[in-house]
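Need coordinates for the below:
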Amino acid sequence: MAPLLTDMPTARLDSLIKHPFHRENGERLVGFIQDLRECRSAEDFVAFQGDLLHATLAANLARSERSRVIKRLRKGESLPADAPELVVGDRHDVEDWRLEYDVLERVGRQLRSIGDAMAWRAFRYDRRYILALRRNESPGPMTLSKEGTVHEIQFAEQQWREHGHLALLHDITNCLRIGDVTVFHDRDNDEQEILLYELKTNPRRRESTQLARTRLAAEALHTGGPLPGPDKAVLVETGVPYATHLSALSDAFVRAHQNGLKTMRVPGQRGLLALDIVAAGNRWGEQEAAGQFHASYAALLRRMRLTGHVISFSSGDSAARNTMAPPWGIYPLQPAQCAGLIADVLVFSVTLSSDNFIEEVRKAGLDADWVLPDGAEMGPDEPVVTIKGHGRQVTMARAGVEQLMLELTDLRAWAEGIDQLLRKGTPGSQPWPYFSDEHKVWA
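Predicted coordinates:
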């Protein structure tokens, strides 16, 4: 896994964020988000995907070139004759090459986050497709050195040239990991026919595990079968419209841009802190800005009077890391704000207590118990809270809690959805609820 920003020494973090490649990509992200929001037709999406593909392949090639130089220098060998130019630093210092490699890893991940935004929009913000197609390992960076990548690009070009269809390349995203390409057939009544393809470069190969996963994902979406994976997960329709309080996040970032940071309370007894790193640095300087951040967060916690477990999730360094989360590029914010979240020059955190969460759930007529032990880490599969109703019970893990926090989900609407899930019952399976009208929430 790529190194987290929080694990880096301050000097290296500063060099990475201020690197010319990182700054240039931050500006490019704004343009991509603006262009994506203008996409209406298959032709628009095809042109957008072409631009994103070009940028992605260039970033991944540049990263692989630096990897080759790093390997030679670590062996004590000289620079290769065709070594790329090092933008910042000493060409003979392996750590300077390593910095540029890490910058390009972030650039590639930021571009995949744009690919995720394209996927969500192409699927019309129907979360079921993401939940079904995310359940696989990452294929790694997209590069023309892979035979499969070339074949997939040629297939996409053929779909547009011969049929006028958008063929979405999964490897340009982080969230689509089952199948290689999704083809969208637009119909006159504004409906879509969506076809999932697992492409073979060798037609003589027998059915693979990947193809079996593709078939399971398609069946889960169209017939209600189990999702791919060993956990017997199934999609459950709640029929409840999705609702959030993301307008508060937009307001907080406007204020943070003016004042450096902003704290506020959000419905559902949650605390929100928004930080504009550039504005805060300009107002206080880097050292004092860090102190202002911690002081403001502590004051927010005091105002909230939290009891029980204190739960906090942050947007920081999360672009194209979580396959389940809506990408920042579709959040109902200004394009520059979305780009700032992707590039980590804008950050927000949301805080809640276990006692307050249980109280909110019980207001909806459900029984809930916090089962995460005192002092225990909230691991990815660790049971966090159980919710009971209608003679049934479901258990939430970290992913479910994180969604409620970073999406500022309206807890009343969410609890209504869980109530419907418990009414329907899913014996012997792990239910994944989905809500209606999500397109009304996202950008």
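
Could you pull out the helices in the stretch 101-250 of the chain for me?
Ranges of helices in the stretch 101-250 of the chain, per DSSP state H, counting those that start in this stretch, are 127-133, 147-158, 209-223, 246-259.

Using PDB, write out every CA atom in the third one.
What it means is helix 209-223. Only the C-alpha atoms of helix 209-223 are listed here, as PDB (Å, rounded to 0.1, in the frame of the first residue of the first chain):
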ATOM      1  CA  THR A 209     -12.100 -17.000 -11.500                       C
ATOM      2  CA  GLN A 210     -12.400 -13.500 -12.800                       C
ATOM      3  CA  LEU A 211     -15.200 -14.500 -15.200                       C
ATOM      4  CA  ALA A 212     -17.000 -16.300 -12.500                       C
ATOM      5  CA  ARG A 213     -16.900 -13.200 -10.300                       C
ATOM      6  CA  THR A 214     -18.200 -11.200 -13.200                       C
ATOM      7  CA  ARG A 215     -21.200 -13.500 -13.600                       C
ATOM      8  CA  LEU A 216     -21.900 -13.400  -9.800                       C
ATOM      9  CA  ALA A 217     -21.800  -9.600  -9.900                       C
ATOM     10  CA  ALA A 218     -24.200  -9.400 -12.800                       C
ATOM     11  CA  GLU A 219     -26.600 -11.900 -11.100                       C
ATOM     12  CA  ALA A 220     -26.500  -9.900  -7.900                       C
ATOM     13  CA  LEU A 221     -27.500  -6.800  -9.700                       C
ATOM     14  CA  HIS A 222     -30.200  -8.300 -11.900                       C
ATOM     15  CA  THR A 223     -31.600 -11.200  -9.900                       C
END
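
Can you list the buried residues in that helix?
Within helix 209-223, the residues that count as buried by 16 or more other Cβ atoms under 10 Å are Gln210, Leu211, Arg213, Thr214, Arg215, Leu216, Ala217, Ala218, Ala220, Leu221. In short, each C-beta sits where N, CA and C put it, glycine included.

Run the chain-centre distance for it.
Averaging C-alpha positions (Cα atoms, centre = their mean, to the nearest Å) puts helix 209-223 22 Å from its chain's average.

same for that helix, what does it pack against?
For helix 209-223, the elements it packs on are helix 127-133, strand 192-197, strand 233-241, judged by 3 or more Cβ pairs under 8 Å, 6 or more residues apart in numbering; DSSP states H and E.

Pick the most deeply packed of those.
helix 127-133 (a mean of 22; mean count of other Cβ atoms under 10 Å).

mean confidence for that helix?
For helix 127-133, the mean per-residue pLDDT is 96.

How far does it sit from its chain's centre?
That offset, for helix 127-133, works out to 13 Å (Cα atoms, centre = their mean).

Now the helices of the stretch 101-250 of the chain in JSON lines, please, with extra columns for distance to Arg106.
Listed next are these as JSON lines, based on distance: least, Cβ to Cβ, whole Å:
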{"stretch": "helix 127-133", "distance to Arg106": "23"}
{"stretch": "helix 147-158", "distance to Arg106": "21"}
{"stretch": "helix 209-223", "distance to Arg106": "28"}
{"stretch": "helix 246-259", "distance to Arg106": "21"}
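
Lowest mean pLDDT across those, which one is that?
Minimum mean pLDDT among these: helix 209-223, a mean of 89.

what's next to that one, contact-wise?
Contacts to helix 209-223, defined as Cβ atoms under 8 Å, 6 or more residues apart in numbering, come from residues 128-129, 132-133, 135-136, 178-179, 196-198, 225-228, 234-235.

and what of stretch 176-191?
For stretch 176-191, contacts defined as Cβ under 8 Å, 6+ apart pick out 41-42, 45, 119, 122, 130, 132-139, 148, 152, 155-156, 159, 165-171, 192-199, 210, 213-214, 217, 228, 323.

isn't Arg134 right up against Met324?
Yes - using Cβ atoms under 8 Å, Arg134 is in contact with Met324, at 6.4 Å.

who's in contact with the closest residue to Arg283 other than its chain neighbours?
Distance criterion Cβ to Cβ, 6 or more residues apart in numbering; nearest residue to Arg283, sequence neighbours excluded, is Gly260 at 4.5 Å. Shown in contact with Gly260 (Cβ under 8 Å, 6+ apart): Leu275, Asp276, Ala279, Ala280, Asn282, Arg283, Trp284, Ala289, Gln292.

so of the residues you listed, which ones are in strands?
Members of the contacts of Gly260 lying in strands (criterion: DSSP state E): Leu275, Asp276.

Let's have the contacts of Gly260 in TSV, adding neighbour count.
Listed next are the contacts of Gly260 as TSV, based on neighbours: other Cβ atoms under 10 Å:
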residue	neighbour count
Leu275	26
Asp276	26
Ala279	18
Ala280	21
Asn282	11
Arg283	15
Trp284	16
Ala289	20
Gln292	18
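
Of the contacts of Gly260, which is the nearest to Gly365?
Leu275 (37.0 Å; Cβ to Cβ).

in the chain, which helix has the most residues?
helix 42-74 (DSSP state H).

For that helix, name the packing helices and strands.
Judged by 3+ Cβ pairs under 8 Å, 6+ apart, helix 42-74 is in contact with helix 20-37, helix 94-122, strand 166-169, strand 181-186.

With distance to Val69 added, can I get those in a markdown table?
Formatted as a markdown table, those follow (distance: least, Cβ to Cβ, whole Å):
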| stretch | distance to Val69 |
| --- | --- |
| helix 20-37 | 15 |
| helix 94-122 | 5 |
| strand 166-169 | 29 |
| strand 181-186 | 33 |
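
which one of those lies closest to Leu5?
helix 94-122 (8.8 Å).
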